[in-house]
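K.L.:
no FASTA, just this:
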């Protein structure tokens, strides 16, 4: 199976393994991502999920579980380092999602949405300047190169998380967190399906300049 195609089986695999895989795909969309780092981050996320489950449900921790020993005993120092790698990369994906939302709104309605006062027109360069203060970069060009372009293979997942979270907040619910994306199969399913809807909108958005054929694909096994 090509690297850009993934199949998750939530019935035969622990949901946290699927969720951790989705988060690592989101964090490391590039084809030349260090495989050892990707694998370590996935294991760290699974370890964090198990530990969080034990903290919130102590009785579960005393019951026999089908758990891979590598997750239960993963080095805590390495987990902390991996969390740092993930945190920075996931922040970049969410900034890219913030940039793509106006393009999606235009594709859905056929009209340019109301833009912040300091944005003169709907373009990647203008939106890069908009998120510049949050990015930690000195120039909009760096945002376009290091955040926008590097996020494009998973922009549909990042946008889906943002859109679903906004809807949750509107309904008085908590937004999606990395924890809920890892451990909750319902959230995983919503994000995967939401990404398909975003992908369909991207095909109608010439100004976003997103090659939908290069998007990483994830599907859920029946």
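P.N.:
Thanks, I have the structure now. The model shown is predicted, which means the values in this text are computed figures rather than measured ones.
K.L.:
how many residues are close by residue 12?
P.N.:
By the criterion of other Cβ atoms under 10 Å, residue 12 has 8 neighbours. Quick note: C-beta positions are derived from backbone N, CA and C, even for glycine.
K.L.:
for the residue lying closest to it once chain neighbours are set aside, the count of nearby residues, please.
P.N.:
Excluding its sequence neighbours, the residue lying closest to residue 12 (Cβ to Cβ, 6 or more residues apart in numbering) is residue 221, at 7.7 Å. Neighbour count of residue 221, defined by other Cβ under 10 Å: 11.
K.L.:
gap between residue 221 and residue 67?
P.N.:
21 Å (Cβ to Cβ, to the nearest Å).
K.L.:
now the strands for the protein?
P.N.:
All strands of the chain, identified by DSSP state E, fall at 5-8, 217-220.
K.L.:
where does this protein dip in pLDDT?
P.N.:
Residues of the chain that meet the criterion pLDDT under 70 lie in 1-3.
K.L.:
sorry, back to before: for the residue nearest to residue 12, phi and psi?
P.N.:
Main-chain dihedrals, residue 221, degrees, to the nearest 10: phi -70, psi 140.
K.L.:
ok, it touching residue 11?
P.N.:
Yes: between residue 221 and residue 11 there is a contact at 7.2 Å, judged by Cβ atoms under 8 Å.
K.L.:
need the winner for burial among the strands of the chain.
P.N.:
Looking across those with neighbours counted as mean count of other Cβ atoms under 10 Å, the highest average goes to strand 217-220: a mean of 16.
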